[in-house]
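> Structural data only, the sequence is not supplied:
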């Protein structure tokens, strides 16, 4: 049985500026939908399709 866990950190091949732009876009969407206090880093990373550790890099 294979382990299909996501790797930690920024996805391979993604550059820093692209990742930041995606994070900002996801944050804006979630802030509009749920308010500033209603959006978490885990929500933002989930919306981006990455692990929350990516946002700490």
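Arrived safely. Since the structure is predicted, the reported quantities are computational estimates derived from the model, not experimental observations.

> how about residue 24, secondary structure?
helix (DSSP: H, G, I helix; E, B strand; the rest coil).

> any idea how far residue 47 is from it?
Distance, residue 24 to residue 47, by CB to CB, to the nearest Å: 12 Å. (Glycine included, C-beta is placed from N, CA and C.)

> residues contacting the most centrally placed residue in the chain?
For the chain, the residue nearest the mean C-alpha position is residue 45 (2.3 Å; CA atoms, centre = their mean). For residue 45, the residues meeting the contact criterion (CB atoms under 8 Å, 6 or more residues apart in numbering) are 26, 51, 52, 54, 55.

> now that we have the residues you listed, which one has the most neighbours?
In terms of neighbours by other CB atoms under 10 Å, the contacts of residue 45 top out with residue 54 at 22 neighbours.

> out of residue 24 and residue 47, which sits in the more crowded spot?
Comparing residue 24 with residue 47 by other CB under 10 Å, the one with more neighbours is residue 47, at 17 against 11.

> roughly how far apart are the more buried one and residue 26?
4 Å.

> next one: residue 34
12 Å.

> just residue 20 next, same as before
Taking CB to CB, one finds residue 20 at 11 Å from residue 26.

> ok, now residue 17?
15 Å.

> Residue 42 now?
In terms of CB to CB, residue 42 sits 11 Å off from residue 26.

> go on, residue 38?
14 Å.

> same thing with residue 45?
Taken as CB to CB, the span from residue 45 to residue 26 is 8 Å.

> how about the helices in the chain?
16-34, 41-48 (DSSP state H).

> Point out the most buried one among these.
helix 41-48 (a mean of 16; mean count of other CB atoms under 10 Å).

> Could you tell me how many residues sit around residue 56?
10.

> chain center to stretch 44-57: distance?
2 Å (CA atoms, centre = their mean, to the nearest Å).

> Do me a favour and average the pLDDT over it.
For stretch 44-57, the mean pLDDT works out to 88.

> And for stretch 16-23?
On average, stretch 16-23 scores 90.

> would CSV of the contacts of residue 45 with distance to residue 13 be doable?
Putting the contacts of residue 45 into CSV (distance: CB to CB, whole Å) gives the following:
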residue, distance to residue 13
26, 19
51, 16
52, 20
54, 13
55, 18
